[in-house]
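Colleague: I need the structure of the sequence given here:
(one chain, ligands or ions: 2)
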Amino acid sequence: MSHIELRDVCKSYRVGSNTVTALSNFSVEIEAGEFAVILGPSGSGKTTFLNILGGLEQASSGEVCVDGESISVLPEAKLTDYRRHKVGFVFQFFNLLPTLTTLENVMLTAEMGNSKGGDPKHYLERVGLGDRMDHYPGQLSGGQQQRVAVARALAKKPALVLADEPTGSLDIQTGIEVLDVMRTLNRETGQTFVLVTHNSVIAQMADRVVRVGNGTVHSIEKNAQPLEPRQLSW
Ligand SMILES: Nc1ncnc2c1ncn2[C@@H]1O[C@H](COP(=O)(O)OP(=O)(O)OP(=O)(O)O)[C@@H](O)[C@H]1O
Ligand SMILES: [Mg+2]
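Modeller: Ligands and ions are numbered 1, 2, ... in the order given. Next up is the predicted model:
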């Protein structure tokens, strides 16, 4: 449900005596409820963009507005609130806690979110893992672990879901299942999804495709008739 606007965002890192530019004048707008795909090669700044949008990193300059509020100027405490209540993250390597069960992994984040968070069991059922709640991550396949991560991201009912190469460590079929779960939830809940990937096939299921290269936006296209994830073929 979040509307996103980045204006002329720059991000550079100092590494020793060098400065590395990860984003330069990166500007993009994503409408509330869209499923957006940010497409670009390795090193083009996708993760940097997502981390800045998610409040995990600060832009060096420029403005990042979410629902009209500039997160670039938020004090640390407010930024923590933003990350906790507004944003759900899905990472390439799942990042589940190995000593907690599937259900506990989802409960933990749901509790850290707000009291309006959904029932963790409901989300595990939604991603097809109702019969795996007591399993530990090590007892699940990669695709199942990623579906737990999707349930975990959604259980706190974030307005914005950010996914960094969520299918990058999955095989094609499993990747499609994970994408299908995400797009179905997006359509049901109206939450805004921003998924970054280097895989152009995935862009075909997006409402909006943002092509990036070298830390900047090359093109933005709206896709009036995005494919269903199950129609994608690699
Ligand atoms: N913490 C950091 N310190 C220094 N340089 C960084 C840092 N994070 C990213 N970079 C540099 O910024 C550029 C963009 O990196 P980023 O991780 O955003 O790319 P990416 O598009 O996500 O790539 P990939 O598809 O390989 O994940 C790269 O050149 C990278 O080396
Ligand atoms: Mg990356």
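Colleague: how close does the closest residue to residue 4 other than its chain neighbours sit to residue 1?
Modeller: Among residues not flanking residue 4 along the chain, residue 30 sits closest, at 4.2 Å (C-beta to C-beta, 6 or more residues apart in numbering). (C-beta placed from N, C-alpha, C; glycine too.) Going from residue 30 to residue 1 by C-beta to C-beta, to the nearest Å gives 12 Å.
Colleague: any common contacting residues for the two?
Modeller: Counting by C-beta atoms under 8 Å, 6 or more residues apart in numbering, the residues touching both residue 30 and residue 1 are residue 192.
Colleague: comparing the two, which residue is more hemmed in?
Modeller: Per other C-beta atoms under 10 Å, whichever of residue 30 and residue 1 has more neighbours is residue 30, with 24 against 14.
Colleague: tell me who's in contact with that one.
Modeller: Contacts of residue 30 (C-beta under 8 Å, 6+ apart): 3-5, 36, 192, 194, 208, 210.
Colleague: and the strands in the protein?
Modeller: 4-15, 18-30, 35-39, 61-66, 69-70, 87-90, 160-164, 192-197, 208-213, 216-222 (DSSP state E).
Colleague: in JSON lines, list those along with mean pLDDT and distance to ligand 1.
Modeller: Output for the strands of the chain, formatted as JSON lines (pLDDT from 0 to 100; distance: least, C-beta to the nearest ligand atom, whole Å):
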{"stretch": "strand 4-15", "mean pLDDT": "97", "distance to ligand 1": "3"}
{"stretch": "strand 18-30", "mean pLDDT": "97", "distance to ligand 1": "3"}
{"stretch": "strand 35-39", "mean pLDDT": "98", "distance to ligand 1": "9"}
{"stretch": "strand 61-66", "mean pLDDT": "97", "distance to ligand 1": "15"}
{"stretch": "strand 69-70", "mean pLDDT": "94", "distance to ligand 1": "22"}
{"stretch": "strand 87-90", "mean pLDDT": "94", "distance to ligand 1": "14"}
{"stretch": "strand 160-164", "mean pLDDT": "97", "distance to ligand 1": "7"}
{"stretch": "strand 192-197", "mean pLDDT": "98", "distance to ligand 1": "7"}
{"stretch": "strand 208-213", "mean pLDDT": "98", "distance to ligand 1": "7"}
{"stretch": "strand 216-222", "mean pLDDT": "98", "distance to ligand 1": "11"}
